[in-house]
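Participant: no sequence for this one, just the structure:
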């Protein structure tokens, strides 16, 4: 039988409803795990134990009274540090924001609590949520529970590490350049990057900003694809303004697996993928083919991959520039204005993207819209695209300046941020992507694969992940934990 701390949130909620365990007992179990394992992992960086205990006791009292309960009733969970959780700091790893105490919960946190979840802490992130690792000057470095000294991913690295180590029942993260997906891959858990703006982000922004950031989304990480569906249904309710006239009705996956049309994009010259990761992609594809699905490893949408990647990078850097302090942005503007027209190097392109004019952004957005239509036509012919998340399994923690870092892929040394290509496939076109644990590589570390679907195909991708979970592509606890 699966150990209590490695069970899914859905199973934990069932056990509480069936009176196998109380919410308070389960909370204390997870807190004991945090006490024992978190000093070495440093995944949970903020704790709110007393309020969580009061919430757990209230959950148990409600159950004793026979009150109606939600799908997460009594389940202890943590949230990414970047979410507002009333009474706790929201810093995004920025030292100057150490004292930035949230006065209210983020909307997503409110909804999870309303469904019965007991939030007892927050998990670590990188500075400004901008790395494939999770470390900062406030909370230090988070380690991968599969291998100390390896990255757990970023920016939702603390979330994935806490789940994989059995420190929490459920997590929610955020993703603009793979920040749900690469931690899920590196730590061997499930994750959902939803269709852009499907899950309202209010309360996941610094300075009280209410406008959703381009490309950026929030979404769950979990030890089971069934938990992804639970959270998707809870959070995919329009916010108050949109709710006046909109409601969400996501299509389900009703076709038998034998009728599925599967595309496989396992490697690309723009971002080479290790043989070990490609092998796990082939294993997932073979499993679906064994169920009768038609698999095509040559099918691609009708846009040039290099063009799509360039559009993604431009829009990504423009979106993230909003997080820059005014003085830093002014300096970037001055540097961009001083660039020679002939300078088209990576640093120059970054500066121009960070400081582009609205007219230039509109042109990039038009290019993105054409890419979205190309994906739309592609998904008229295919139900899902299977793709890598990152080029390799979890790499050794590297906290040098970005310009000094690289990634080694089967002996070939590549630029550190080249890996963002795979995140950009779904990111630029605002598509849903579910990460499924695809087994272990030869180095003993987990590999996750993306299931990318059409816009608003979130539920279908989650339910396909459930089918793969039933076929054996499931969460496996790290050895020794």
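Facilitator: Thanks, I have the structure now. This one's a predicted model, so the numbers in the text were calculated from it and none came from an experiment.
Participant: if I look at the residue most central in space within the chain, how far off is residue 375?
Facilitator: Closest residue to the average C-alpha location of the chain: residue 180 at 1.2 Å, with Cα atoms, centre = their mean. If you measure residue 180 against residue 375 using Cβ to Cβ, to the nearest Å, the figure is 19 Å. To be clear about C-beta, it is placed using only N, CA and C from the backbone, and glycine gets the same treatment.
Participant: kindly report the same for residue 32.
Facilitator: Shown here: residue 32 relative to residue 375, a distance of 46 Å by Cβ to Cβ.
Participant: these two: which has the busier surroundings?
Facilitator: Set side by side, residue 32 and residue 375 show unequal neighbour counts under other Cβ atoms under 10 Å, the larger going to residue 375 at 24 against 12.
Participant: I'd guess that one is in a helix, am I close?
Facilitator: Yes - if the criterion is DSSP: H, G, I helix; E, B strand; the rest coil, then residue 375 is within a helix.
Participant: report the contact partners of the residue lying closest to it once chain neighbours are set aside.
Facilitator: In space, not counting the residues next to it along the chain, residue 375 is nearest to residue 429; the distance is 4.8 Å by Cβ to Cβ, 6 or more residues apart in numbering. By Cβ atoms under 8 Å, 6 or more residues apart in numbering, the contact set of residue 429 is 368, 371, 372, 375, 455.
Participant: the residues you listed in helices, which ones?
Facilitator: 368, 371, 372, 375 (DSSP state H).
Participant: among the residues you listed, who's most crowded?
Facilitator: Counting neighbours by other Cβ under 10 Å, residue 375 comes out on top of those with 24 neighbours.
Participant: contact partners for that one?
Facilitator: With contacts defined as Cβ under 8 Å, 6+ apart, the neighbours of residue 375 are 301, 429, 431, 454, 455.
Participant: doesn't residue 426 make contact with residue 192?
Facilitator: No - with the criterion set as Cβ atoms under 8 Å, residue 192 and residue 426 do not qualify as a contacting pair; they are 11.1 Å apart.
Participant: hey, what's in contact with both of these two?
Facilitator: When contacts are counted by Cβ under 8 Å, 6+ apart, the set common to residue 192 and residue 426 consists of 432, 433.
Participant: the two: which is more packed in?
Facilitator: Residue environment comparison for residue 192 versus residue 426 gives the larger neighbour count to residue 192, 33 against 29, counting by other Cβ under 10 Å.
Participant: surely the more buried one forms part of a strand?
Facilitator: Yes - the assignment for residue 192 by three-state DSSP puts it in a strand.
Participant: tell me what it is bridged to.
Facilitator: Residue 192 forms beta bridges with residue 434, as assigned by DSSP bridges.
Participant: how near is it to residue 393?
Facilitator: In this structure, residue 192 and residue 393 are 21 Å apart, going by Cβ to Cβ.
Participant: which stretches of the stretch 351-481 of the chain form strands?
Facilitator: Under the criterion DSSP state E, counting those that start in this stretch, the stretch 351-481 of the chain contains strands at 384-388, 406-409, 412-415, 433-440, 446-452.
Participant: isn't residue 112 up against residue 172?
Facilitator: Yes - the pair residue 112 and residue 172 passes the contact test of Cβ under 8 Å, sitting 7.1 Å apart.
Participant: and the closest residue to residue 47 other than its chain neighbours, which of the three is it?
Facilitator: Taking Cβ to Cβ, 6+ apart as the measure, residue 47 lies nearest to residue 121, with 4.3 Å between them; neighbours along the chain are not counted. In the three-state summary, residue 121 is assigned as strand, counting by three-state DSSP.
Participant: what sits against residue 265?
Facilitator: With contacts taken as Cβ under 8 Å, 6+ apart, residue 265 has the following neighbours: 297, 300, 385, 386, 387, 425.
Participant: if you set the cut-off to 6 Å instead, what comes out?
Facilitator: 385, 387 (Cβ atoms under 6 Å, 6 or more residues apart in numbering).
Participant: and the pLDDT for it?
Facilitator: Residue 265 carries a pLDDT score of 98 in this model.
Participant: what's near enough to touch residue 194?
Facilitator: 217, 219, 432, 458.
Participant: and those residues, which is closest to residue 361?
Facilitator: residue 217 (19.1 Å; Cβ to Cβ).
Participant: roughly how far does the closest one sit from residue 301?
Facilitator: 20 Å.
Participant: now residue 375
Facilitator: 5 Å.
Participant: repeat for residue 128
Facilitator: Taken as Cβ to Cβ, the spacing of residue 128 relative to residue 301 amounts to 31 Å.
Participant: so which of those two has more stuff around it?
Facilitator: With other Cβ under 10 Å as the criterion, residue 128 and residue 301 differ in neighbour count, and residue 301 comes out ahead with 23 against 16.
Participant: so the more buried one makes contact with residue 378?
Facilitator: Yes - A contact is recorded between residue 301 and residue 378 when judged using Cβ atoms under 6 Å, the distance being 4.0 Å.
Participant: which pLDDT value goes with residue 346?
Facilitator: The predicted structure lists residue 346 with a pLDDT of 88.
Participant: find the nearest non-adjacent residue to it, please.
Facilitator: When the adjacent residues along the chain are set aside, residue 346 lies closest to residue 415, with 7.9 Å between them (Cβ to Cβ, 6+ apart).
Participant: show me the beta-bridge partners of that neighbour.
Facilitator: Partner residues in beta bridges with residue 415: residue 406, with DSSP bridges as the criterion.
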